[in-house]
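A.B. asks: test case, fold it:
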Amino acid sequence: MKTLAAATAVLFVLSGCEFLPASLTAALPPAGQLPETQDTYLDMGRRLLAQGEVDLAHDAFIRSIRVEGVTAEALSGAGVAMERKGLLTEARRYFEHAVRVAPRSPIAHNNLGAVEYRIGAYPEARQAFLVALRLSGGDNAVAEQNLRLTEHALRLADADRLALTPNPVTLQRVGSGEYSIGKPGGWEEQE
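C.D. replies: Coordinates of the predicted model:
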């Protein structure tokens, strides 16, 4: 009876979490395809990820969510697996869900920022790294380094935008000619 109650509770938790990725409702490979272990599925996923077994690690993290409960750690693990496969949009979804599950987790915010950076969403990445730093009391070397890289990318993107935009300076009629900025610090008279 306890097993049935626990299974019902897991189903209730998962059915109430509409934000979970579709892969959680998809069929998982049979348990026999995952290595035998005494570890939790979360630990198994971590170990498989460290061994480079990305697909099996992802399956273990999803099984962890289904069996052991929805945690930021399992969602982040699944996100890391997707990121390593180059599936950045899917990774971003997992990290967004991890932030929803554990909004006070600096790691969840840092991971979200990292994938936002890889996607090229620099303002969003910057915000995520700032939150990660704030939540860790400013003592998070990884988030701090990531923030520096993101701010540099933002400066470069701003410089590129300025270089690509037409001359934003409007012409103004003064006397007999119109003037525009021709080169930095210089004026050119156009007649």
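A.B. asks: hmm, who's touching the longest helix seen in the chain?
C.D. replies: Under DSSP state H, the helix in the chain containing the largest number of residues is helix 141-164. Residues external to helix 141-164 that are found in contact with it (Cβ atoms under 8 Å, 6 or more residues apart in numbering): 106, 109-110, 113-114, 117, 122-123, 125-126, 129-130, 132-133, 136, 138. For the C-beta atoms, the positions are set from N, CA and C on the backbone; glycine is no exception.
A.B. asks: in ChimeraX, select just the buried ones from the residues you listed.
C.D. replies: Here is the ChimeraX command that selects the buried residues among the contacts of helix 141-164 (16 or more other Cβ atoms under 10 Å):
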select :106,109,110,113,114,117,122,125,126,129,132,133,136
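A.B. asks: which one of the contacts of helix 141-164 is nearest to residue 81?
C.D. replies: Distance to residue 81, by Cβ to Cβ, is smallest for residue 114 among the contacts of helix 141-164, at 14.0 Å.
A.B. asks: show me what contacts that closest one?
C.D. replies: 83, 125, 146.
A.B. asks: neighbours around the last one, how many?
C.D. replies: Neighbour count of residue 146, defined by other Cβ atoms under 10 Å: 21.
A.B. asks: still on that earlier bit, need the contacts of residue 114 in JSON lines (columns: pLDDT and distance to residue 64).
C.D. replies: Output for the contacts of residue 114, formatted as JSON lines (pLDDT from 0 to 100; distance: Cβ to Cβ, whole Å):
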{"residue": "83", "pLDDT": "94", "distance to residue 64": "18"}
{"residue": "125", "pLDDT": "95", "distance to residue 64": "27"}
{"residue": "146", "pLDDT": "93", "distance to residue 64": "26"}
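A.B. asks: could you dump the residues you listed to JSON lines with distance to residue 69?
C.D. replies: As requested, these are exported to JSON lines (distance: Cβ to Cβ, whole Å):
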{"residue": "83", "distance to residue 69": "23"}
{"residue": "125", "distance to residue 69": "29"}
{"residue": "146", "distance to residue 69": "29"}
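A.B. asks: ok, and residue 86, which helix or strand is that part of?
C.D. replies: Counting by DSSP states H and E, no helix or strand carries residue 86.
A.B. asks: which phi and psi does residue 40 have?
C.D. replies: For residue 40, the backbone dihedrals (degrees, to the nearest 10) come out as phi -70, psi 160.
A.B. asks: next up, the contacts around the closest residue to it other than its chain neighbours.
C.D. replies: Leaving aside its sequence neighbours, residue 40 sits nearest to residue 68 (Cβ to Cβ, 6 or more residues apart in numbering; 5.9 Å). Counting by Cβ under 8 Å, 6+ apart, residue 68 touches 40, 41, 42, 74.
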